[in-house]
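S.K.: got a predicted structure here, sequence first:
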Amino acid sequence: MKEKNFHAIHITKDKCIGCVHCLGACPTKAIRVRDGKAQIIDELCIDCGECLRVCPYDAVHSHTTSFSALDHFEYKVAIPSTVLYGQFGAANLPTEILSALRRVGFNEVYDLSSICELNCAAVEEYLNEHPRPRPFITATCPVVVRLIQGRYPALCGQILPIEPPREIAAKILRTILPKALGIAPEKIGIIHITPCPAKMVSINSPATLNKSYLDGAISIRDIYPQILNALRKGQEDALMRHLFPETQFSGIGMGWSLSGGETRGLKNHRAVAVSGIQDTMRVLDQVEAGLLQDIDMLECTVCPDGCVGGPLEVENRFLAKSRILQLVAAAGERSVVDPKDVSRLYHKNFLSFDHPVSPIESRPLDHDPAKAIRKAKRREKIFADLPLKDCGVCGAPDCRTLADDVVRGLAHVDDCPFVKKEKR
Amino acid sequence: MAAEDVYRQEFPVKGGDFAKAGTVACRIKELLKDLGLDSKTVRRAAIAAYEAEMNVIMYAWQGRMDLAVSTQEVRITVDDQGPGIADIELAMTEGYSTATPEMRELGFGAGMGLPNIKRSSDVFHIDSHAGQGTRLEIIIRTNGHKP
């Protein structure tokens, strides 16, 4: 299943009409329209899902795990993103949602808020032990990791090498469950329930692990109707869960899916949270220029407002955010993780990356420096003659990118409708 | 070196234009990546260019950054019309700054600008005339340049 350039975002050609919505939305300028259909340039795509948000024709498909693909597992475990708790309004408590997910067909379901708290404590310990470099950037958002690998390679060493909660949770379960249940490890499926397609990429081609501990990720959007159905049918169960709650949710971890959620639990460090792809890129540009060295930790999530703004969620993100804030307020500062456990796991390197993040090779104009210089000059000349309308009719997102494509041999100046007109 | 082997581009910088702070440095960084320079060289150039750009924005009325890239080196020349620097030696001292409280409020004026440029470059010249302006010459050798 592991591919070198695995992507979770694909264009469904039958549905694509070749309009320009996705062209302009793509932050890495990875999309071109060729022969009337959008195409994604493999090396440039970071799987952020911005195109998926703006496509009016539902032509951008995200490749996540389907529930039926789990049939071959004897024992199915779900570890949903805490975003899920914000999807069903105030009437449904997290404990009911987890219980509904069991009725959908998972043998067991585990809450991630405690592991978020664990991650936070481990990050704090790491920052204590490593005074340099600054700032460290957290690795929770797989798109940020990919963005840094490709666009900010000099910052790879500033990614804080503690695995995100979903992987830590899966690793713990994978270690414990086979023995506890007496079931062969390969027959236990551990599945994330995700608000974004990029988790599929981190599962299929992990940037920091030799192999992901997760077996797949089901999109919230895909499984939402089944959970809703189970919630509707489960009123007695709901009463049970209210009276005998079985999960202790962590107050520190509960708000993890909101921007600032990762930094909220840090006690002794100065942290900054950034969300949204454009702002993330702006701040990473500043870090690369040597700024923000007085900040200990930088939390970047490319979705607006954090994971709660993921492209695969159902509830509108403002309502979801409001609901999660309610849950955070209700849980208060409740801590459910024993610091001694964290310290033990941390010092065993159980929570660490398998290997550091390595840069993805950039895309110079030419591998021969002298030729690259010549091409850059030609690119400026071509660009100077373009109309600067950034209309997208040529198939490139803007005039600058068309000029770039031309010198790379991927397009022709005549693709520009305005240049043609003037020549005639 | 033949002229055709050097990539040149000039970027105007407007004094006081904090809203655009960093855009020239970013453009330079993208360009150097396109030219295939290794990430360490690109980062050194990005740091130097950013600090130089900020100096113009913070202190000068207007300025210009000239970029010249050959296969051996990245050269950034910054010319500004502004108040100039009265005591260059003092200005090169880490922590020395004439930034106003407003600039400090924005997170600038730590007194590390010029020292950072010097540290990031292989050759650094500064020339300033009080009441006229400042000229910086920054050279970063591209040793890491892949053949």
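M.R.: Structure's in. What do you need? Small disclaimer: the values here were computed from a predicted structure and weren't measured.

S.K.: quick check: pLDDT value at the residue most central in space within chain B.
M.R.: Geometric centre of chain B, nearest residue: residue B:52, 2.9 Å, by C-alpha atoms, centre = their mean. Per-residue pLDDT puts residue B:52 at 95.

S.K.: how near is it to residue A:389?
M.R.: As judged by C-beta to C-beta, to the nearest Å, residue B:52 and residue A:389 stand 32 Å apart. In short, each C-beta sits where N, CA and C put it, glycine included.

S.K.: quick revisit: for the residue nearest to the centre of chain B, what are its contacts?
M.R.: Residues in contact with residue B:52 (C-beta atoms under 8 Å, 6 or more residues apart in numbering or on different chains) are B:25, B:65, B:76, B:78, B:117, B:136, B:138.

S.K.: now the helix or strand bottoming out on mean pLDDT in chain B: how far from the chain's centre is it?
M.R.: Sorting the helices and strands of chain B by mean pLDDT, DSSP states H and E puts helix B:101-105 at the bottom, at a mean of 75. A distance of 21 Å separates the centroid of the chain from that of helix B:101-105, by C-alpha atoms, centre = their mean, to the nearest Å.

S.K.: and the closest residue to chain A within chain B, how far is that from residue A:363?
M.R.: Going by C-beta to the nearest C-beta, chain A is nearest to residue B:36 of chain B, at 3.2 Å. Taking C-beta to C-beta as the measure, residue B:36 falls 9 Å from residue A:363.

S.K.: so for these two, which residue has more residues nearby?
M.R.: Neighbour totals were compared for residue B:36 and residue A:363, and residue B:36 leads with 23 against 14 (other C-beta atoms under 10 Å in any protein chain shown).

S.K.: in the stretch 151-300 of chain A, which spans are helices?
M.R.: A:165-181, A:198-204, A:220-233, A:235-243, A:251-254, A:261-264, A:277-288 (DSSP state H, counting those that start in this stretch).

S.K.: which element, helix or strand, includes the residue nearest to the centre of chain B?
M.R.: helix B:39-59 (DSSP states H and E).

S.K.: got the buried residues for that helix?
M.R.: Buried residues in helix B:39-59, counted by 16 or more other C-beta atoms under 10 Å in any protein chain shown: B:39, B:41-59.

S.K.: for residue A:420, give me the pLDDT.
M.R.: 64.

S.K.: swap that for residue B:115, please
M.R.: Residue B:115 is given a pLDDT of 86.

S.K.: and the contacts of whatever helix or strand it lives in?
M.R.: Element membership of residue B:115 [criterion: DSSP H and E] is helix B:113-120. Residues from elsewhere that reach helix B:113-120 (C-beta under 8 Å, 6+ apart): A:290, B:44-45, B:47-48, B:51-52, B:54-55, B:91-94, B:97, B:124, B:126, B:136, B:138, B:140.

S.K.: equivalent analysis for stretch A:174-187, please.
M.R.: For stretch A:174-187, using C-beta under 8 Å, 6+ apart, the contacting residues are A:73, A:74, A:75, A:77, A:188, A:190, A:213.

S.K.: who touches the spatially closest residue to residue A:120 that is not a sequence neighbour in this structure?
M.R.: Spatially, and ignoring its direct neighbours in sequence, residue A:120 is nearest to residue A:265 (3.8 Å; C-beta to C-beta, 6 or more residues apart in numbering or on different chains). The neighbours of residue A:265, taking C-beta under 8 Å, 6+ apart as the test, are A:117, A:120, A:121, A:124, A:252, A:253.

S.K.: check which helix or strand covers residue A:78.
M.R.: Counting by DSSP H and E, residue A:78 is part of strand A:75-80.

S.K.: what's the next secondary structure element after that strand?
M.R.: Heading C-terminal from strand A:75-80 (DSSP H and E), you reach helix A:94-104.

S.K.: quick one: mean pLDDT for that next one?
M.R.: 94.

S.K.: what about residue B:117, how many neighbours?
M.R.: 24.

S.K.: so where's the chain shaky on pLDDT?
M.R.: Picked chain A for this. For chain A, the stretches with pLDDT under 70 are A:1-4, A:420-424.

S.K.: that's the wrong chain, I wanted chain B
M.R.: Those would be B:1-4, B:106-107, B:144-147, if you go by pLDDT under 70 across chain B.

S.K.: up against chain A, what does it have?
M.R.: With C-beta under 8 Å from any C-beta of the partner chain as the criterion, chain B meets chain A at residues B:4-7, B:9, B:22, B:25-26, B:29, B:31, B:33-36, B:39-40, B:42-43, B:46-47, B:49-51, B:69-71, B:107, B:116, B:120, B:142, B:145-147.

S.K.: one more time with 7 Å
M.R.: Residues of chain B found near chain A (C-beta under 7 Å from any C-beta of the partner chain) are B:4-5, B:7, B:9, B:22, B:25-26, B:31, B:33-36, B:39-40, B:42-43, B:46-47, B:50, B:69, B:71, B:116, B:145-146.

S.K.: do a quick rundown of the strands in the chain.
M.R.: Picked chain A for this. With strands called from DSSP state E, chain A shows them at A:9-11, A:31-34, A:37-40, A:60-62, A:75-80, A:108-109, A:136-137, A:188-194, A:216-219, A:271-275, A:297-301.

S.K.: if you could check chain B rather than the one you did, that'd help
M.R.: B:7-14, B:62-69, B:73-81, B:123-129, B:133-141.

S.K.: which residues touch residue 141?
M.R.: By default, I'm working from chain A. By C-beta atoms under 7 Å, 6 or more residues apart in numbering or on different chains, residue A:141 lies in contact with A:300, A:301, A:302.

S.K.: that answer is for a different chain, and I need it for chain B
M.R.: Counted by C-beta under 7 Å, 6+ apart, residue B:141 has contacts B:72, B:73, B:122.

S.K.: that one and residue B:61, how far apart?
M.R.: Residue B:141 sits 32 Å away from residue B:61, going by C-beta to C-beta.

S.K.: now residue A:203
M.R.: Distance from residue A:203 to residue B:61, by C-beta to C-beta: 54 Å.

S.K.: which single residue in chain A comes nearest to chain B?
M.R.: Closest point on chain A to chain B, by C-beta to the nearest C-beta, is residue A:364, at 3.2 Å.

S.K.: for residue B:10, name its beta-bridge partners.
M.R.: Using DSSP bridges, the bridge partners assigned to residue B:10 are residue B:66.

S.K.: so what's it up against?
M.R.: B:64, B:65, B:66.

S.K.: so the helix holding residue B:52 versus strand B:123-129, what angle?
M.R.: Orientation check (axes from the mean of the first three to the mean of the last three C-alpha atoms, to 10 degrees): helix B:39-59 against strand B:123-129 gives 10 degrees.

S.K.: please save the CA atoms from helix B:39-59 in PDB.
M.R.: Extracted in PDB, the C-alpha atoms of helix B:39-59 (Å, rounded to 0.1, in the frame of the first residue of the first chain):
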ATOM      1  CA  SER B  39      18.700  25.100   1.600                       C
ATOM      2  CA  LYS B  40      21.500  26.300   3.900                       C
ATOM      3  CA  THR B  41      22.600  29.000   1.400                       C
ATOM      4  CA  VAL B  42      19.000  29.900   0.700                       C
ATOM      5  CA  ARG B  43      18.400  30.300   4.400                       C
ATOM      6  CA  ARG B  44      21.500  32.500   5.000                       C
ATOM      7  CA  ALA B  45      20.400  34.700   2.100                       C
ATOM      8  CA  ALA B  46      16.800  34.900   3.400                       C
ATOM      9  CA  ILE B  47      18.000  36.000   6.900                       C
ATOM     10  CA  ALA B  48      20.300  38.600   5.500                       C
ATOM     11  CA  ALA B  49      17.800  39.900   2.900                       C
ATOM     12  CA  TYR B  50      15.000  40.100   5.500                       C
ATOM     13  CA  GLU B  51      17.100  42.100   8.000                       C
ATOM     14  CA  ALA B  52      18.300  44.400   5.200                       C
ATOM     15  CA  GLU B  53      14.800  44.900   3.900                       C
ATOM     16  CA  MET B  54      13.600  45.700   7.500                       C
ATOM     17  CA  ASN B  55      16.300  48.200   8.000                       C
ATOM     18  CA  VAL B  56      15.100  50.100   4.900                       C
ATOM     19  CA  ILE B  57      11.500  49.900   6.000                       C
ATOM     20  CA  MET B  58      12.200  50.900   9.600                       C
ATOM     21  CA  TYR B  59      14.600  53.700   9.100                       C
END
